[in-house]
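S.K.: Requesting a structural model of the entry that follows:
(3 chains)
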Amino acid sequence: MTDTTMEPFVRNAWYIAAWPEELEDGFIARTIMNEPLIIFRDKDGKVAALEDRCCHRGAPLTHGTQIDTGIQCGYHGLVFDGTGACVEVPGQKKIPSDACVRSYPIVERQQIIWIWMGDAEKADENKIIDYPFHDQPEKWPHKKAMFQIKANYMMMMDNLMDLTHLGFVHAKTIGGNPSVHVNAAVTATPTENGCMLERWMMDGAPPPTYVKAVGFKGNIDRWHRFEYVAPSSVIQNTGAIDAGKGAKENQDQPGLHFQLLHHATPETETSFHYFWSAANGYRQDDPSATEQLYNESYPTFLEDKVIMEAQQERINLDPNRPLVHIPADTAMFIARKALRAMIDAEQSATREAAE
Amino acid sequence: MTDTTMEPFVRNAWYIAAWPEELEDGFIARTIMNEPLIIFRDKDGKVAALEDRCCHRGAPLTHGTQIDTGIQCGYHGLVFDGTGACVEVPGQKKIPSDACVRSYPIVERQQIIWIWMGDAEKADENKIIDYPFHDQPEKWPHKKAMFQIKANYMMMMDNLMDLTHLGFVHAKTIGGNPSVHVNAAVTATPTENGCMLERWMMDGAPPPTYVKAVGFKGNIDRWHRFEYVAPSSVIQNTGAIDAGKGAKENQDQPGLHFQLLHHATPETETSFHYFWSAANGYRQDDPSATEQLYNESYPTFLEDKVIMEAQQERINLDPNRPLVHIPADTAMFIARKALRAMIDAEQSATREAAE
Amino acid sequence: MTDTTMEPFVRNAWYIAAWPEELEDGFIARTIMNEPLIIFRDKDGKVAALEDRCCHRGAPLTHGTQIDTGIQCGYHGLVFDGTGACVEVPGQKKIPSDACVRSYPIVERQQIIWIWMGDAEKADENKIIDYPFHDQPEKWPHKKAMFQIKANYMMMMDNLMDLTHLGFVHAKTIGGNPSVHVNAAVTATPTENGCMLERWMMDGAPPPTYVKAVGFKGNIDRWHRFEYVAPSSVIQNTGAIDAGKGAKENQDQPGLHFQLLHHATPETETSFHYFWSAANGYRQDDPSATEQLYNESYPTFLEDKVIMEAQQERINLDPNRPLVHIPADTAMFIARKALRAMIDAEQSATREAAE
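M.R.: Below is the predicted model:
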């Protein structure tokens, strides 16, 4: 059982590198797993990620310029295409054979830009999680954001796997009465590569925001489903329908439906990029419904940022100091176990390759 | 003879943790000897100091809330009382046996909150220095402050044990003519656990501030008494009475009287909390006399902060580099020797306990 | 061949410590090769550089005051003269024999203050580079500046030894068309202790700034001469005269003439003080010509600062990681080789002295 918060990175996995919207005004600089990158869309529309360091004198490529053939270094003008190959050295016909920068496998799918930080030969697109909601604007209109958080990325996963935090961290936003969250019946079930955390609250009065969103008139049956997929995604489905209509058997009925994607891409051991996307499965033809969901989520997730950053400051004082377990940690431990298995597999594969 | 500025901490000793006034608006966060603490007054009025780290997931308790039963963590809601015991885990009846945080012995006495950072079993209240002046508002009205200073705590003690600094560090405030301070007759005498530094200036003209304070009309006899009590207190008594009235034999005559407490509580090896309290033993029924003494002390002590922080920056470059001794260092060396004895005793007790 | 950017310091060499103008308002604090210094002009007009740390309690002397006899420490009033000797301890007649601070050889010549950071016995004034231009205001009026740059000092030398950067780093200021700089004929020739980089552009249209400066009416012959002198000076001579007048044989004809001194004094391994001086060899009786040259150089050299600081950030991630060579590096490698020889000579002399 894992009882400290920090784990080594899983490199052979897909992480979100950026939202496509971030590239609309040109390339961006982003550090992932301590590696500074330049991420850009080339003139043919293909996204590329290169090491943000010119091989000539070490200048960051993000101080350069994007031209038709690639990224031109802002120091002496070398140009690199999306594969990392040097395609021009100003004033020369011959390009040195060792002139190139590292490029990283990138897949753009379902309005998400995924990156593979490990062994490029193992980059299997089939391992990318499926998130079809972004491609259904008529059913799931959505809005995205990204926060920089100064904490180990797994603290975000821990956070999402223990909903008892809602009444304390989010007391001023969505929290409401802490005992509602603490006493709700939850089940935590291991999945093939993660954990499904499910919470049902039957036949209760709807929160005011739910009434405002979809106009409930009587009691409702509510659920949250948080699926952790190792190493660093949580797919959240939240919903509510009128009580007594068989919600447990069929959630696909008119009512309130949210679909959230939470993803934590490690920047360093103690910081990550928190990508989140919120889709509303109701009043889909009313843009203000999407805005409202986004505007409620934004300050709520900033509260998580504050507590996680404070937590990391303490962890830093003694990262290996043990923590104390409580029953509410169950889903977190299932999730951590799935991560651990992934780390162990990667490390034993590395050892075998070295032998 | 000690000739470098940095020494290990003395842990088995009482330090000022806070002024009671600091707790009036609720708990405070304070780091002492590298340990982050939460200090609060419980609902029964008793002051407590706990490690500022929840044992569950490491979040700082100072991000939580004080409730009737103690401090409630702001992440998942665990509650700790003033002894550090966990008294509530939301949603559970059974509290894990290992759920607790470290608490520190606290004594509140004479309007000072004292803390013991070492072995709790050795925390003997009789070792707390006696400072009765805070309890005599009719004779010694006073006002307190605390500064954060980025220097080793002993630099404050060194500072107070060598009054030749007055004419240079405080040239713009209380310093006046440097030669007055440099040439005054001083005696430095070892005490049981420190050093008494005493300076007399007989039959001289009173400084303008003295005249303003108590209306001297002729020459005066003046004295400063600075008693260092290891590890980190200096009790200062300053006074002046009309010349020729036998000041040396009896200081308890009408005139000018200050009583100051200086205390340096280590925050880290290179920073401390400087607690000071200034009491006026004249015009006690006039609050402006207390204000005036405080308002003159405040910028003066900030000048000490500036020079000590600059000094520490240089010391940091090579902490073990020797310093050069001059005769004015005498009191400082007596004080350092008392501290050294305290450190040696603590270290040999620790070694014996380990054998 | 050197292919990383960081090298050990050469200590036995002359570096620019300050421009004389910087001392007009009193002493300055400056760190050179990690050593904090106080630099001042004494009452006899002689410049001195002392370690910025009082030998008594370690306070920085730059927190003190300059008096007739030297620098008086702002803590307890010790006074040090320009040789570093303590000449006064307040209140004492006898000065401790070990009371002194390190002083550094200083030579003020040609309006430059030179310092020697190594073994004082080896400080040979004949090794100071000759820069007569500062002493000829009628022929070479000039103006000086100093920038703090957060990069290893050799990056400045590298920068000046590869002029292909002009079209990229300075695209918005003096750069113009990159291919002009990239395709110009350059020669790089080893000198006794450095490298001469020379570039000629014959019979071309003058840039607008040249026309504005001296009113060329037809084509011109232009040249740049950059002489690196190890360890950290570059003497630049730039000029242009009417085409067809034999510029290569005789540059001393009416036309456009600049004389620049570039000097990088290491502050730490990853920062330096960039001293530069720009002199105009035309319209010498018009102060606006000097101002214009200075005002064009200033933002241009700030562009170099930006790219070098970004480069250093990347280098810091892995200082020993190899770089890739291109033909434009030729002059840089000659310069680096001269530096390497100087380092090797210093290190072998040190080893011999130790045996």
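
S.K.: CA atoms for contacts and neighbours, from now on please.
M.R.: Noted.

S.K.: Which secondary structure state does the closest residue to A:D68 other than its chain neighbours sit in?
M.R.: Excluding the flanking residues, the one nearest A:D68 by Cα to Cα, 6 or more residues apart in numbering or on different chains is A:K43, at 6.1 Å. Taking DSSP: H, G, I helix; E, B strand; the rest coil as the rule, one finds A:K43 in the coil state.

S.K.: Burial check on A:K43, number of neighbours?
M.R.: Counted with other Cα atoms under 10 Å in any protein chain shown, the neighbours of A:K43 add up to 12.

S.K.: what do you get for A:R102?
M.R.: Look at A:R102: counted by other Cα under 10 Å, it has 16 neighbours.

S.K.: who's in contact with it?
M.R.: Remark: with contacts taken as Cα atoms under 8 Å, 6 or more residues apart in numbering or on different chains, A:R102 is in contact with A:50-51, A:83-84.

S.K.: how close does it get to chain B?
M.R.: 38 Å (Cα to the nearest Cα, to the nearest Å).

S.K.: can you give me phi and psi for that residue?
M.R.: Dihedral pair for A:R102: phi -70, psi 140, per degrees, to the nearest 10.

S.K.: Show me where chain A has its helices.
M.R.: Ranges of helices in chain A, per DSSP state H, are A:154-160, A:166-169, A:178-183, A:208-214, A:287-317, A:330-354.

S.K.: Flag every residue of the stretch 201-350 of chain A that's near chain B.
M.R.: Within the stretch 201-350 of chain A, the residues that sit near chain B (Cα under 8 Å from any Cα of the partner chain) are A:307-308, A:310-312, A:314-315, A:323-326.

S.K.: May I see those residues arranged in TSV, with neighbour count and pLDDT as well?
M.R.: Converted to TSV, these look like this (neighbours: other Cα atoms under 10 Å in any protein chain shown; pLDDT from 0 to 100):
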residue	neighbour count	pLDDT
A:I307	19	97
A:M308	25	97
A:A310	20	98
A:Q311	25	97
A:Q312	23	96
A:R314	19	96
A:I315	23	95
A:L323	17	93
A:V324	17	93
A:H325	18	92
A:I326	16	92
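
S.K.: so which pair among those residues is furthest apart in space?
M.R.: Maximum pairwise distance in those, criterion Cα to Cα, is 20.5 Å, between A:A310 and A:I326.

S.K.: of all of chain A, which residue lies closest to chain C?
M.R.: Here chain A gets closest to chain C at one residue, A:A59, 4.1 Å apart by Cα to the nearest Cα.

S.K.: Spatially nearest residue to that residue (excluding sequence neighbours)?
M.R.: C:Q311 (4.1 Å).

S.K.: could you list every residue that touches that neighbour?
M.R.: Counted by Cα under 8 Å, 6+ apart, C:Q311 has contacts A:57-60, C:151.

S.K.: at 10 Å what do you get?
M.R.: Neighbouring residues of C:Q311 by Cα atoms under 10 Å, 6 or more residues apart in numbering or on different chains: A:53-54, A:57-61, A:63, A:75, C:5, C:150-152, C:155, C:305.

S.K.: just the residues you listed now: which is nearest A:P105?
M.R.: Nearest to A:P105 among the contacts of C:Q311, with distances taken as Cα to Cα, is A:R53, at 17.3 Å.

S.K.: thought the closest one was touching A:A29?
M.R.: No. Applying Cα atoms under 10 Å, one finds A:R53 not in contact with A:A29, separated by 11.0 Å.

S.K.: which residues do these two both contact?
M.R.: Shared contacts of A:R53 and A:A29 (Cα under 10 Å, 6+ apart): A:36-38, A:60-63.

S.K.: got a markdown table for the residues you listed, with pLDDT, neighbour count and distance to A:A338 too?
M.R.: Conversion of the shared contacts of A:R53 and A:A29 to a markdown table gives the following (pLDDT from 0 to 100; neighbours: other Cα atoms under 10 Å in any protein chain shown; distance: Cα to Cα, whole Å):
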| residue | pLDDT | neighbour count | distance to A:A338 |
| --- | --- | --- | --- |
| A:P36 | 98 | 21 | 28 |
| A:L37 | 98 | 24 | 28 |
| A:I38 | 98 | 22 | 31 |
| A:P60 | 98 | 27 | 37 |
| A:L61 | 98 | 29 | 37 |
| A:T62 | 98 | 24 | 36 |
| A:H63 | 98 | 20 | 40 |
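
S.K.: now, which of those lie within strands?
M.R.: Using DSSP state E, the subset of these located in strands is A:36-38.

S.K.: Tell me the residues on chain A that lie near chain C, please.
M.R.: A:34-36, A:52-65, A:72-78, A:89-92, A:94-100 (Cα under 10 Å from any Cα of the partner chain).

S.K.: same question for the biggest strand by length in chain A, mean pLDDT?
M.R.: Criterion DSSP E: the longest strand present in chain A is strand A:256-268. Averaged over strand A:256-268, pLDDT sits at 97.

S.K.: and the angle for it with helix A:287-317?
M.R.: Strand A:256-268 runs at 40 degrees relative to helix A:287-317, counting by axes from the mean of the first three to the mean of the last three Cα atoms, to 10 degrees.

S.K.: Do a quick rundown of the strands in the stretch 51-200 of chain A.
M.R.: Assigned by DSSP state E, counting those that start in this stretch, the stretch 51-200 of chain A shows strands spanning A:65-67, A:70-72, A:79-80, A:86-88, A:103-104, A:106-109, A:112-116, A:142-149, A:185-191, A:194-204.

S.K.: so, in contact with chain B or not, stretch A:6-23?
M.R.: No. Stretch A:6-23 stays clear of chain B (Cα under 10 Å from any Cα), getting no nearer than 11.7 Å.

S.K.: Could you tell me the end-to-end distance of that stretch?
M.R.: 31 Å (Cα to Cα, to the nearest Å).

S.K.: Ok, stretch A:239-250 next?
M.R.: Start-to-end span of stretch A:239-250 (Cα to Cα) is 11 Å.

S.K.: And the contacts of it?
M.R.: Residues outside stretch A:239-250 that contact it (Cα under 10 Å, 6+ apart) are A:200-206, A:210, A:214, A:216-225, A:251-259, A:281.

S.K.: Filter these down to the buried ones.
M.R.: A:200-202, A:205-206, A:210, A:214, A:216, A:219-225, A:251, A:255-259, A:281 (16 or more other Cα atoms under 10 Å in any protein chain shown).
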